[in-house]
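Q: Take a look and give me a structure for this.
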Amino acid sequence: MPDFSAPGGAVLDDLGVRLHDGVATLRVWSKNASSVELVTFDETDLDWVTDQVELERRPGGVWEVTTPLLQPGTRYALRVGGPHGPGNTFNPETLLLDPYARGLAEGDGYAEWRAVVIEDGFDWGGVTKPAVPLDRTVIYEAHLKGITKRHPDVPPALHGTYAGLAHPAMIEYLREIGVTTIELLPIHAFVSEPRLLERGLANYWGYNTLNFFTPHAAYASDESRKQGPEAVLTEFKGMVKLLHEAGLEVVLDVVYNHTSEEGLGGPRSSFRGIDNASYYRQDSSGAYIDTTGVGNTLNTATDAAARLVLDSLRYWANDMQIDGFRFDLAAALGRDAGHEFTRDHPLLTAIRDDPALQGVKLIAEPWDVGLGGWQTGNFPDGWLEWNDRYRDRVRNFWLSDIDYARRASAPVGIGGFATRLAGSSNTYSKERGPLASINFVTAHDGFTLHDLVTYDVKHNEANGEDNRDGADTNRSFNHGVEGPTSDQGVNAARRKAMRNLLGTLLLSAGIPMLTAGDETGRTQGGNNNAYAQDSALTWVDWEHEPWQEDLRAHVSTLTRLRRENAALRPKRYARRDVHTPHASVMDWYNQYGEMMEESQWTDPGNRTLQYSAVSTPVDERLNRILLIVHGTESPVDVTLPTSIDGATRFVSLWSSADERPSGEQEEFAPGDVIPVPGTSMRLFRVECRRPPTTGSPEHRGAVHSGMWQLVPALTPPRSAADRRSRCDRGPTRLPLTRARAASLSPNRAPSPLTGSLRRGSSARSSRSPSSPSGKGTTASECMCA
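A: This is a model prediction of the structure:
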């Protein structure tokens with residue numbers, strides 16, 4: 001792992017203030033500076049200078065001083081001088097923040113902030129991180145202020161605060177809806193851009209970081225803020241402790257790709273004044289290379305910037321006990337000295353391999369706005385990624401395709417949707433598997449779930465940019481009326497569309513991410529870029545109509561079913577020719593219960609499928625499910641498959657056609673014909689006469705090298721009676737001869753999404769092309785993206 005040491009061997013991971021023996025040592029890195037000065041201030045007057053002392057230059061650009069002037073609670077800043085010329089912006093009169101400050105004293109603007117010396121004495125009381133396994137993880141993306149600002153059961157003094165999020169009412173709610181991990185929009189100290197303040201707005205989301213080591217003070221309670229930065233820190237840690245006690249993880253959205261200093265004409269508050277040429281990406285003339293769209297990009301090709309990111313992550317993961325990080329515009333972090341993205345960038349691999357970060361969830365937003373910035377699927381092993389391909393295809397299938405069909409424009413077939421449902425194996429390598437995919441339909445950025453089914457176009461007038469901001473392509477569908485309506489038919493269609501989107505999200509292979517409020521149909525009035533709206537428009541509304549409570553009940557049901565059915569959450573992609581533990585072997589049937597043929601995957605007229613998955617776990621019981629997906633507005637009759645080996649009945653678990661989960665478990669037999677309403681989903685548990693239990697000799701024989709799925713390559717289809725008798729006797733075990741292995745080539749696969757030929761299905765087999773990525777076809781792969 002790279003150590004990111006400066007030339008001359010200076011250690012860069014010991015920067016900032018370190019208290020020891022009644023004094024403190026301050027270290028600041030600046031390769032190009034000619035002088036660095038420490039300035040201390042009166043605690044009650046941030047303009048009143050109390051002392052000044054020069055730092056001495058050490059090898060490798062580290063500046064250092066050991067002094068009794070720095071004590072817990074001391075307010076301080078830096079003055080840095082240096083040469084003029086391209087890339088340098090030194091001004092020894094400007095007061096600058098220490099990039100490694102652990103606390104901040106609030107000011108009235110960019111130039112009024114002061115660093116504060118912090119002495120950490122928090123008692124975690126033995127509480128440890130929940131360490132939720134990836135396959136059990138359900139992420140809930142939320143804004144810390146917005147989630148509790150209007151909550152009626154949280155005390156008003158705690159509305160919108162760290163303490164408010166840890167209130168019992170919130171913890172009970174998060175557990176009730178079945179999420180395991182709360183992902184918070186940025187809580188690193190941030191400021192609002194001057195252009196927003198001039199329009200009477202504020203940066204609500206927080207993607208404008210002032211300091212990477214300090215929690216945002218405005219999210220602390222008034223009482224903590226009055227007591228000072230240490231109390232703010234304590235409130236934050238108390239929140240994490242209480243959430244951990246409840247078994248809930250905390251993931252932070254971190255913005256290491258840029259800072260609040262904006263473009264070259266922006267404020268000089270920290271990095272720009274300390275060593276602009278080293279911390280920011282620039283060309284030979286000193287002009288910024290901006291791959292983030294906000295004016296500057298942190299240059300992680302330099303050791304100092306990369307070390308800053310790594311040190312910050314270590315601090316939050318260990319001192320603050322954070323469980324994971326979602327990296328905003330993460331492609332910007334993986335650009336080399338030539339500004340090209342490389343998946344083996346030293347910083348990306350160092351973050352993954354750092355012993356201090358082992359077990360921490362690493363989630364990339366795998367793109368930025370620069371050339372070559374779209375990198376979905378290209379991050380190193382060990383990283384998880386927001387899957388925008390999943391988002392787009394799922395939206396298309398349930399929304400824009402339906403919109404096109406109403407206008408007699410044929411939608412595409414079901415193959416691409418099935419690929420996403422099965423874990424996006426054409427996007428992620430077999431080594432990374434389906435759990436590399438963070439599946440989402442909505443996020444903070446874009447329409448809410450309710451608005452996705454209610455508006456065809458954005459309505460961002462409140463942002464003050466004449467509706468020019470925000471995405472124009474949303475893959476949304478208003479169902480015939482733009483915005484709110486009293487038409488009950490339209491409203492019913494919208495509610496079902498939300499249930500279909502949520503059902504797809506929570507039943508897909510991969511890691512699901514819900515956006516706070518989507519489980520109750522929260523609206524932003526069609527605003528798809530509410531970054532500057534700190535108001536009731538963005539705060540979660542906890543006063544619900546009956547249909548919203550019904551929708552929440554669906555989410556609770558779906559997360560429970562995900563927990564209970566291992567086949568829905570495979571850890572790995574199944575392979576055609578070998579047994580793969582923790583995978584799900586998938587088969588695909590059409591409306592008539594027959595194996596899908598190649599032509600049906602791309603046929604625009606075929607929008608119905610049945611998806612069977614059987615788990616191959618080692619620490620859970622074997623589990624098998626069947627999911628019916630129907631993607632047209634006309635109802636159909638669906639014949640349940642008869643070729644699922646040993647299946648005796650299908651037990652209905654959930655249907656998106658229900659306004660509220662019924663809880664009734666209807667039972668059906670193989671071959672039964674059931675009516676399926678238009679645009680709906682239905683989930684079944686498949687029961688066999690005598691399913692082998694995981695870990696038993698039977699089960700091990702059944703799944704060894706995938707033999708039991710491959711019998712049709714050698715034997716003709718059997719009758720239902722023969723299938724039942726064979727289920728009673730246990731699986732057939734056959735040696736994998738070279739001839740048999742040759743017969744299992746990709747050209748014999750029954751569908752693009754199954755890696756195995758199932759008993760009784762050879763007559764319906766079809767051919768499957770190789771993976772578009774050249775990886776070879778997996779058991780969950782589809783021919784269409």
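
Q: Let me see the ranges of the strands in the stretch 601-750 of the chain.
A: Secondary structure of the stretch 601-750 of the chain (DSSP state E, counting those that start in this stretch): strands at 608-615, 624-630, 636-639, 647-655, 667-668, 673-676, 680-688.

Q: Which one of those strands lies nearest to residue 367?
A: Shortest separation from residue 367 across those is recorded for strand 624-630, at 28.5 Å, computed as Cβ to Cβ. C-beta here means a position set from N, CA and C on the backbone, and glycine is covered the same way.

Q: Now do that closest one and strand 680-688, the angle between them.
A: 160 degrees (axes from the mean of the first three to the mean of the last three Cα atoms, to 10 degrees).

Q: Dump the strands of the stretch 601-750 of the chain into CSV; add mean neighbour count as well.
A: Output for these, formatted as CSV (neighbours: other Cβ atoms under 10 Å):
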stretch, mean neighbour count
strand 608-615, 25
strand 624-630, 24
strand 636-639, 16
strand 647-655, 21
strand 667-668, 14
strand 673-676, 14
strand 680-688, 21
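
Q: Of those, give the one that comes closest to residue 269.
A: Nearest to residue 269 among the strands of the stretch 601-750 of the chain is strand 680-688; the distance by Cβ to Cβ comes to 50.9 Å.

Q: any weak-confidence spans in this structure?
A: Across the chain, the ranges flagged by pLDDT under 70 are 1-13, 107-111, 690-785.

Q: please redo it, this time with the cut-off set to 50
A: Applying pLDDT under 50 to the chain flags residues 6-11, 110, 692-785.

Q: domains for it, by residue range?
A: As given by automatic domain parsing, the domain ranges for the chain are 1-386, 580-764.

Q: okay, these in CSV with distance to residue 421 next?
A: Shown next, in CSV, are the domains of the chain (distance: least, Cβ to Cβ, whole Å):
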stretch, distance to residue 421
domain 1-386, 16
domain 580-764, 7
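
Q: between those, which gets nearest to residue 449?
A: It is, among those and with distance given as Cβ to Cβ, domain 1-386, at 12.0 Å.

Q: Report the distance from the closest one to the chain centre.
A: Remark: domain 1-386 is offset 19 Å from the chain centroid, using Cα atoms, centre = their mean, to the nearest Å.

Q: Show the contacting residues for the closest residue to residue 85 other than its chain neighbours.
A: Closest residue to residue 85 apart from its sequence neighbours, by Cβ to Cβ, 6 or more residues apart in numbering: residue 286 at 7.9 Å. Shown in contact with residue 286 (Cβ atoms under 8 Å, 6 or more residues apart in numbering): 85-88, 264, 277.

Q: ok, and the most crowded of the residues you listed?
A: The most crowded member of the contacts of residue 286 is residue 277, carrying 21 neighbours; neighbours defined as other Cβ atoms under 10 Å.

Q: SS state for it?
A: Secondary structure assignment for residue 277 (DSSP: H, G, I helix; E, B strand; the rest coil): helix.

Q: so it touches residue 30, yeah?
A: No - with contacts defined as Cβ atoms under 8 Å, residue 277 does not count as touching residue 30, sitting 9.8 Å away.

Q: so which strand or helix has the closest residue in space to residue 396 that isn't next to it in sequence?
A: Spatial nearest neighbour of residue 396, excluding adjacent residues (Cβ to Cβ, 6+ apart): residue 475 at 5.5 Å. Residue 475 is located outside every helix and strand, with elements delineated by DSSP states H and E.

Q: contacting residues around residue 475?
A: Residue 475 neighbours (Cβ under 8 Å, 6+ apart): 392, 395-396, 399-400.

Q: What lies in contact with stretch 337-352?
A: Here stretch 337-352 makes contact (Cβ under 8 Å, 6+ apart) with 1-2, 4, 281, 289, 291, 300-301, 306, 309-310, 313, 331, 333-336, 357, 362, 370, 372-373, 375, 378-383.

Q: backbone phi and psi for residue 474, please?
A: Dihedral angles of residue 474 (phi, psi; degrees, to the nearest 10) stand at phi -120, psi -10.

Q: Tell me the spacing between it and residue 499.
A: 19 Å (Cβ to Cβ, to the nearest Å).

Q: mind checking how far the residue nearest to residue 85 is from residue 233?
A: Taking Cβ to Cβ, one finds residue 286 at 37 Å from residue 233.

Q: For the closest residue to residue 442 other than its chain neighbours, what are phi and psi?
A: Among residues not flanking residue 442 along the chain, residue 515 sits closest, at 4.7 Å (Cβ to Cβ, 6+ apart). Phi and psi for residue 515, reported as degrees, to the nearest 10, are phi -100, psi 130.

Q: Give the burial count for residue 263, as a bare number.
A: By other Cβ under 10 Å, the residues close to residue 263 number 12.

Q: I'd like the strands of the stretch 601-750 of the chain as CSV, with distance to residue 48 appended.
A: CSV is the format used below for the strands of the stretch 601-750 of the chain (distance: least, Cβ to Cβ, whole Å):
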stretch, distance to residue 48
strand 608-615, 67
strand 624-630, 67
strand 636-639, 77
strand 647-655, 65
strand 667-668, 78
strand 673-676, 74
strand 680-688, 66
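
Q: that older thread, right, and the pair among the contacts of residue 286 with maximum separation?
A: Counting by Cβ to Cβ, the most remote pair of those is 85 and 264, 13.9 Å apart.

Q: Could you list which residues are in contact with residue 279?
A: Counting by Cβ under 8 Å, 6+ apart, residue 279 has contacts 271-272, 298-299, 302, 304-305.

Q: Rebuild those residues as TSV, extending it with neighbour count and secondary structure.
A: TSV is the format used below for the contacts of residue 279 (neighbours: other Cβ atoms under 10 Å; DSSP: H, G, I helix; E, B strand; the rest coil):
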residue	neighbour count	secondary structure
271	25	helix
272	24	helix
298	24	strand
299	22	coil
302	20	coil
304	24	helix
305	25	helix
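
Q: quick revisit: take the contacts of residue 286 and keep only those in helices.
A: Mapping the contacts of residue 286 onto helices (DSSP state H) picks out residue 277.

Q: from the contacts of residue 286, which single one is nearest residue 219?
A: Nearest to residue 219, judged by Cβ to Cβ, of those is residue 264 at 30.6 Å.

Q: My guess is the closest one contacts residue 289. True?
A: No - assessed by Cβ under 8 Å, residue 264 is found out of contact with residue 289, at 11.6 Å.

Q: and residue 74, how many residues sit next to it?
A: 22.

Q: Leaving out sequence neighbours, find the closest residue to it.
A: Nearest residue to residue 74, sequence neighbours excluded (Cβ to Cβ, 6+ apart): residue 117, at 4.5 Å.

Q: Can you give me the neighbour number for the one you found?
A: By other Cβ under 10 Å, 25 other residues sit near residue 117.

Q: And it, how close does it get to residue 140?
A: 35 Å.

Q: cool, residue 608 as well?
A: Separation of residue 608 from residue 140 (Cβ to Cβ): 32 Å.

Q: One more: residue 587?
A: Separation of residue 587 from residue 140 (Cβ to Cβ) stands at 32 Å.

Q: Name the residue in these two with the higher neighbour count.
A: The residue with more neighbours, out of residue 587 and residue 140, is residue 587; 27 against 24, by other Cβ under 10 Å.

Q: for the more buried one, helix, strand, or coil?
A: Judged by three-state DSSP, the three-state class of residue 587 is strand.

Q: For the nearest residue in space to it that is not next to it in sequence, give me its contacts.
A: Counting by Cβ to Cβ, 6+ apart, residue 587 lies nearest to residue 612, which is 4.5 Å off, once chain neighbours are set aside. Listed by Cβ under 8 Å, 6+ apart, the contact partners of residue 612 are 586-589, 624-626, 641, 644, 686.
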